[in-house]
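Q: coords please:
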Amino acid sequence: MTNLENLTRKKVTVGNLDLKFPLNLELSGLNIEGLAKVDYIYVSPSILGLLTGNIAFNEIRIIRPQIYFERNAPATASESAESKAPAPTFKKRHMHLIVKRFLLKEGKIDFLDNTAGSESIKITLKDLYFNVENVYLFPKSVIANFALKGKIPWEKDSLEGSVEVEGWFNFFKNDMRATVNIKNIDGIYLHPYYAKWVDLERSRIQQAKLNFTSEITGHNNDVIADCHLELTDIVFRPKEEEEPLEKAYKIATTVLDLFKALDGKINLDFTIKTKMNRPEFGFENIRMAVEDKIAKSYKTDKLDILLSFPIKLLETTVKGATDITKALLEGTAAVGVQIRKGAEEIFKEEAKPQEKKEEPKTN
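A: Modelled structure (predicted):
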């Protein structure tokens, strides 16, 4: 337990510890203060692997773990210097790790993200199942297969989300293939992540459900994820009598109408490029994909449908040149001319000085 405390810098307690023939270990009631609780752990080491100088396990089984993880914004240089504690030192060991099977069942992870804009957001993954076989952490080309499943409970009694990921990886070659399928994402709950781009109050969006799928391919540490995001259910807040419609609402409805005209659905395809040893993903990828789709839509064969959207949007929302995004002005030359003409007419009207009415002469 001392090594675990040094590693986690947390107090560690154990309810019960049993050693069974030949070297199998059973542990219950593990508590890593403020980090994790585990009901039951079973560890079966490989005697043959140990005799060859490796850290090897036939099986590691973890039942009903509860894990808490918090992500904070990077500290300033002065804060880092003040709060930095001396790190524990470990002797370098040239030992290899082999895990023939790792199984986690009935798990729960609470993730608190303090970097999502001005608000913190908590995401829970429950009923977690994770299975991986043939993990070799040393220079040997071995395929490890894995599968992960879980549920995401949202607030306000909405439909639970579900996560399914399965595939394989090869640590030696840094290759991988995986399929990701996430259903029933509560887009309103995740609003802090994209609040700087979408104003839910002014756009009157009160409900939005999404589904996300991705096919991930990695080769020599370069990872390409082909992603598909589909909006399956969106509800706007009803308008009160004599309540004016905000510009944000007009933009939102116009863009959604454009997406429907293109595909019959509200969906988005985009690609993420990252690294297998340091994967990164941000909502900026989605924002850029929305702008690209609007821009590329003008290069399709549906010009009769699309030509009306830029002018419609300009007429109902634009108050000046800075309101026109780059995406709405890109496209083929012919369409660009039409958009530009419409925009110029609107700006000409705005730029015209107001004619002064002659005041009646008084004697």
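
Q: quick check: domain ranges of this structure?
A: Domain assignment for the chain, taken from automatic domain parsing, gives 1-74+97-138, 161-296, 298-351.

Q: the nearest residue to Lys37 once chain neighbours are set aside bridge partners, please.
A: Excluding its sequence neighbours, the residue lying closest to Lys37 (C-beta to C-beta, 6 or more residues apart in numbering) is Gln66, at 4.6 Å. C-betas here are computed from N, CA, C, even on glycine. Residues in a beta bridge with Gln66, per DSSP bridges, are Lys37, Lys108.

Q: mind pulling the model confidence for Gln66?
A: pLDDT recorded at Gln66 is 96.

Q: for it, the count of nearby residues, please.
A: 17 (other C-beta atoms under 10 Å).

Q: who touches it in this structure?
A: Ala36, Lys37, Val38, Gly107, Lys108, Asp110 (C-beta atoms under 8 Å, 6 or more residues apart in numbering).

Q: and the gap between it and Asn170?
A: 31 Å (C-beta to C-beta, to the nearest Å).

Q: how about the domains of the chain in a markdown table, adding distance to Ala147?
A: Formatted as a markdown table, those follow (distance: least, C-beta to C-beta, whole Å):
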| stretch | distance to Ala147 |
| --- | --- |
| domain 1-74+97-138 | 5 |
| domain 161-296 | 4 |
| domain 298-351 | 39 |
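
Q: any idea which of the ones you listed scores lowest on pLDDT?
A: The lowest average pLDDT among the domains of the chain, as it happens, falls on domain 298-351, at a mean of 46.

Q: are we agreed that Thr253 is in a helix?
A: Yes. When DSSP: H, G, I helix; E, B strand; the rest coil is applied, Thr253 is found to be in a helix.

Q: please report how far it lies from Lys247.
A: Counting by C-beta to C-beta, the gap from Thr253 to Lys247 is 11 Å.

Q: same question, Ala73
A: For Ala73, the distance to Lys247 - C-beta to C-beta - is 31 Å.

Q: which one of these two has more residues nearby?
A: Using other C-beta under 10 Å as the criterion, Ala73 and Lys247 rank with Lys247 on top: 16 against 9.

Q: correct me, but Glu246 touches Ser203?
A: Yes. The criterion here is C-beta atoms under 8 Å, and Glu246 meets it with Ser203 at 7.0 Å.

Q: neighbour count: those two, which is higher?
A: Taking neighbours as other C-beta under 10 Å, Glu246 and Ser203 compare with Ser203 leading, 19 against 15.

Q: that one against Tyr249, yeah?
A: Yes. Using C-beta under 8 Å, Ser203 is in contact with Tyr249, at 5.0 Å.

Q: so what's in contact with these two at the same time?
A: Phe236.

Q: gap between Val163 and Pro279?
A: The separation that Val163 has from Pro279, given C-beta to C-beta, amounts to 16 Å.

Q: I meant to write Asn174 there.
A: 12 Å.

Q: for the stretch 51-200 of the chain, which segments count as strands?
A: 55-71, 97-113, 121-137, 144-152, 161-170, 175-186 (DSSP state E, counting those that start in this stretch).

Q: likewise the stretch 201-350 of the chain?
A: Ranges of strands in the stretch 201-350 of the chain, per DSSP E, counting those that start in this stretch, are 205-219, 222-236, 266-275.

Q: among those, which is nearest Ile294?
A: The minimum distance between Ile294 and the strands of the stretch 201-350 of the chain falls on strand 266-275, with 10.6 Å, by C-beta to C-beta.

Q: got the contact list for the closest one?
A: 221-231, 234, 256, 259-260, 280-281, 285-286, 288-290, 292-293.

Q: please pick the buried ones from the residues you listed.
A: Buried by 16 or more other C-beta atoms under 10 Å: 223, 225, 227, 229-231, 234, 259, 285-286, 289-290, 293, out of the contacts of strand 266-275.

Q: can you name the two of those that are farthest apart?
A: Val223 and Ile234 (31.0 Å).

Q: which residues touch Ile60?
A: Taking C-beta under 8 Å, 6+ apart, one finds Ile41, Tyr42, Val43, Ser44, Val99, Arg101, Phe102, Leu103 in contact with Ile60.

Q: could I get the residues you listed as a markdown table with distance to Val180 and neighbour count?
A: Shown next, in a markdown table, are those (distance: C-beta to C-beta, whole Å; neighbours: other C-beta atoms under 10 Å):
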| residue | distance to Val180 | neighbour count |
| --- | --- | --- |
| Ile41 | 28 | 18 |
| Tyr42 | 29 | 16 |
| Val43 | 30 | 15 |
| Ser44 | 31 | 18 |
| Val99 | 23 | 20 |
| Arg101 | 23 | 15 |
| Phe102 | 20 | 18 |
| Leu103 | 21 | 15 |
